[in-house]
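Q: Pasting the sequence and the predicted coordinates here, then a few questions.
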Amino acid sequence: MKAQTTPDTDAPGAGVTDPVMQVRGLGHSYGERQILKGLDFEVGRGELMCIVGPSGVGKTTLLECLTGLRRPSEGQVLFDGKRIETPPRGLAIVFQDYSRSLMPWLSVLDNVVLPLRSAGMAKAEREAAAREALAEVGLSDFTGSYPWQLSGGMQQRVAIARALAYRPAVVVMDEPFASVDAQTRADLEDLLLRVREHLGITVLLVTHDIDEAVYLSDRVLALGGKPAGIRSLLTVDLPAPREQVSTKALPRFAELRSQVYRLIRNV
Ligand SMILES: Nc1ncnc2c1ncn2[C@@H]1O[C@H](COP(=O)(O)OP(=O)(O)OP(=O)(O)O)[C@@H](O)[C@H]1O
């Protein structure tokens, strides 16, 4: 399911027809230092949006404000029309550092089951949800393994399964594929596209990798400036389904890639 955006591709304030998240006048300061200012945008239900920008611009700060992990100094974030104060039930987060987020003494299955206790599911339901999520990421044969017995890419798939087991409407990911090799990264990108299509989830993903942002996104949100605002909210009009070799060989891919590069470099 794709977000339906208005034809106005480059206007940050452009509305989406069915927003799952609405960001209104968002700003954030650490002490006297203002990092983010005046952000207004919406994320459509089922949309995949990547957030890019130079190092230190405020991408993680924005994600923290979007998830309710950090209270913004200004403005508000609405999730399904309700203001976010703490991480809402329908939102799951995947961090870059899978090696620290998985418990080495728990099996793959138990790593996925454990956080579901706080979601108020009964024991049998927790295990069924975990098994379903592990099947979604292709790890059904590894439920009894321990994280340290798996490759980095497989461990990150466990972390993704743990997020999916909550059956979230929105998955927020901060540099989720930064710690794996290039081939594994490509595999995980394709896994994310498949899972997103299959489950109809909304994905918000921070990345430093411009190719990754263009390859994955329906829209790319580029942050820039000091304090940072939205430099552009760019619609990626590449055909679906995306495919690592043929999509990246398209002239339009190269155009979009240079456009995002220029936005980030401000050239
Ligand atoms: N808890 C904090 N207290 C004070 N300053 C902070 C805090 N967290 C981040 N900052 C500062 O805010 C700015 C934005 O940081 P943030 O991590 O959001 O940027 P980023 O775009 O995610 O960076 P990177 O691309 O390097 O991961 C940086 O200058 C950072 O030093």
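A: Arrived safely.

Q: quick one: secondary structure of the residue in the stretch 151-267 of the chain positioned nearest to the ligand?
A: Ranking the residues of the stretch 151-267 of the chain by distance to the ligand (CB to the nearest ligand atom) places residue 208 first, at 6.2 Å. For every residue, glycine as well, the C-beta is placed using N, CA and C. Recorded secondary structure, residue 208: coil (DSSP: H, G, I helix; E, B strand; the rest coil).

Q: mind checking pLDDT for it?
A: Looking at residue 208, its pLDDT reads 92.

Q: Spell out which parts of the stretch 1-150 of the chain neighbour the ligand.
A: 30, 35, 53, 55, 56, 57, 58, 59, 60, 61 (CB under 6 Å from any ligand atom).

Q: List the ones among these that fall in strands.
A: 30, 35 (DSSP state E).

Q: Just the closest of the residues of the stretch 1-150 of the chain next to the ligand to residue 111, please.
A: Relative to residue 111, the closest of these is residue 60; by CB to CB it sits at 23.8 Å.

Q: And the pLDDT at that closest one?
A: For residue 60, pLDDT reads 93.

Q: Repeat that for residue 249.
A: At residue 249, pLDDT is 97.

Q: quick one, what contacts it?
A: By CB atoms under 8 Å, 6 or more residues apart in numbering, residue 249 lies in contact with nothing.

Q: How is residue 145 assigned, secondary-structure-wise?
A: At residue 145 the chain is in coil, as set by three-state DSSP.

Q: Give me the spatial nearest neighbour of it, chain neighbours excluded.
A: Once flanking residues are discounted, residue 145 sits nearest to residue 108: 5.3 Å by CB to CB, 6 or more residues apart in numbering.

Q: now the one you found: how far from residue 20?
A: Distance, residue 108 to residue 20, by CB to CB, to the nearest Å: 29 Å.

Q: got it, and residue 252?
A: Distance from residue 252 to residue 20, by CB to CB: 27 Å.

Q: The two - which one has more neighbours?
A: Per other CB atoms under 10 Å, whichever of residue 252 and residue 20 has more neighbours is residue 20, with 23 against 13.

Q: was I right about that one contacting residue 200?
A: No. Counting by CB atoms under 8 Å, residue 20 sits too far from residue 200 to count as a contact (11.0 Å).

Q: mind listing the strands for the stretch 1-150 of the chain?
A: Per DSSP state E, counting those that start in this stretch, the stretch 1-150 of the chain carries strands over the ranges 19-30, 33-44, 48-52, 74-79, 82-83, 91-94.

Q: Sorry, wrong one. I was asking about the stretch 151-267 of the chain.
A: Ranges of strands in the stretch 151-267 of the chain, per DSSP E, counting those that start in this stretch, are 170-174, 202-206, 219-224, 229-235.

Q: Just send these back as a markdown table, with mean neighbour count too.
A: Shown next, in a markdown table, are the strands of the stretch 151-267 of the chain (neighbours: other CB atoms under 10 Å):
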| stretch | mean neighbour count |
| --- | --- |
| strand 170-174 | 23 |
| strand 202-206 | 24 |
| strand 219-224 | 24 |
| strand 229-235 | 20 |
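
Q: got those as a markdown table, with distance to residue 161 columns?
A: Below are the strands of the stretch 151-267 of the chain laid out as a markdown table (distance: least, CB to CB, whole Å):
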| stretch | distance to residue 161 |
| --- | --- |
| strand 170-174 | 11 |
| strand 202-206 | 15 |
| strand 219-224 | 26 |
| strand 229-235 | 30 |
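
Q: Alright, I will stop here.
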